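J.: Sequence plus the predicted model coming up.
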Amino acid sequence: MPTVIVSVSLTVLFTVLALVLIWSRRVGAFAGTVLFLAGFTLASTGIAGPVNAFLAAIAAAVTSR
(Lines give C-alpha, C1' and ligand atoms only; values in the text may rest on other atoms or scores of the structure.)
Protein backbone atom coordinates (compact mmCIF):
# COMPACT_ATOMS: atom_id res chain seq x y z
CA MET A 1 0.00 0.00 0.00
CA PRO A 2 2.81 2.58 0.64
CA THR A 3 3.86 2.38 -3.03
CA VAL A 4 0.41 3.56 -4.09
CA ILE A 5 0.59 6.47 -1.67
CA VAL A 6 4.04 7.44 -2.97
CA SER A 7 2.85 7.14 -6.58
CA VAL A 8 -0.16 9.35 -5.96
CA SER A 9 1.99 11.88 -4.12
CA LEU A 10 4.55 11.98 -6.93
CA THR A 11 1.76 12.30 -9.48
CA VAL A 12 0.33 15.28 -7.61
CA LEU A 13 3.81 16.80 -7.16
CA PHE A 14 4.73 16.47 -10.83
CA THR A 15 1.32 17.77 -11.93
CA VAL A 16 1.63 20.82 -9.69
CA LEU A 17 5.21 21.38 -10.88
CA ALA A 18 4.14 21.17 -14.54
CA LEU A 19 1.26 23.59 -13.95
CA VAL A 20 3.54 26.07 -12.16
CA LEU A 21 6.08 25.91 -15.00
CA ILE A 22 3.34 26.49 -17.57
CA TRP A 23 1.72 29.26 -15.49
CA SER A 24 5.05 31.05 -14.98
CA ARG A 25 5.73 30.74 -18.72
CA ARG A 26 8.95 28.78 -18.17
CA VAL A 27 7.46 26.09 -20.38
CA GLY A 28 4.87 26.72 -23.06
CA ALA A 29 1.49 25.03 -22.97
CA PHE A 30 2.32 22.97 -26.06
CA ALA A 31 5.64 21.74 -24.62
CA GLY A 32 3.94 20.96 -21.31
CA THR A 33 1.25 18.94 -23.07
CA VAL A 34 3.83 17.05 -25.11
CA LEU A 35 5.83 16.20 -21.97
CA PHE A 36 2.65 15.16 -20.16
CA LEU A 37 1.65 12.83 -23.00
CA ALA A 38 5.21 11.52 -23.26
CA GLY A 39 4.98 10.48 -19.62
CA PHE A 40 1.86 8.46 -20.33
CA THR A 41 3.51 6.90 -23.36
CA LEU A 42 6.58 5.91 -21.35
CA ALA A 43 4.37 4.49 -18.62
CA SER A 44 3.02 1.92 -21.07
CA THR A 45 6.49 0.70 -22.11
CA GLY A 46 9.00 -1.58 -20.44
CA ILE A 47 10.76 1.34 -18.78
CA ALA A 48 7.85 1.84 -16.37
CA GLY A 49 9.04 -1.00 -14.09
CA PRO A 50 12.59 0.27 -13.58
CA VAL A 51 11.41 3.86 -13.11
CA ASN A 52 8.88 2.75 -10.48
CA ALA A 53 11.55 0.65 -8.74
CA PHE A 54 13.94 3.63 -8.74
CA LEU A 55 11.32 5.97 -7.27
CA ALA A 56 10.34 3.36 -4.67
CA ALA A 57 14.00 3.02 -3.65
CA ILE A 58 14.30 6.79 -3.27
CA ALA A 59 11.07 6.91 -1.23
CA ALA A 60 12.33 4.08 1.00
CA ALA A 61 15.66 5.84 1.51
CA VAL A 62 13.95 9.11 2.43
CA THR A 63 11.42 7.53 4.79
CA SER A 64 13.99 5.32 6.53
CA ARG A 65 15.91 8.31 7.92
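T.: All right, it came through fine.

J.: which residue packs closest to Val27, ignoring adjacent ones?
T.: Leu21 (4.4 Å; CB to CB, 6 or more residues apart in numbering). All C-beta atoms are positioned from the backbone trio N, CA, C, and that covers glycine.

J.: tell me which element the one you found falls in.
T.: helix 2-23 (DSSP states H and E).

J.: That helix: what's the following helix or strand?
T.: helix 29-43.

J.: For that next one, enumerate the helices and strands it packs against.
T.: helix 2-23 (3 or more CB pairs under 8 Å, 6 or more residues apart in numbering; DSSP states H and E).

J.: 10 Å instead?
T.: helix 2-23, helix 48-63 (3 or more CB pairs under 10 Å, 6 or more residues apart in numbering; DSSP states H and E).

J.: now the angle between helix 48-63 and it, please.
T.: 100 degrees (axes from the mean of the first three to the mean of the last three CA atoms, to 10 degrees).

J.: mind showing which ranges of this protein have poor pLDDT?
T.: By pLDDT under 70, the low-scoring segments of the chain are 1-11.

J.: and Ser44, what is it in contact with?
T.: For Ser44, no contacting residues are found, by CB atoms under 10 Å, 6 or more residues apart in numbering.

J.: Give me the distance between it and Val27.
T.: Per CB to CB, to the nearest Å, Ser44 is found 23 Å from Val27.

J.: same thing with Ala59?
T.: In terms of CB to CB, Ala59 sits 26 Å off from Val27.
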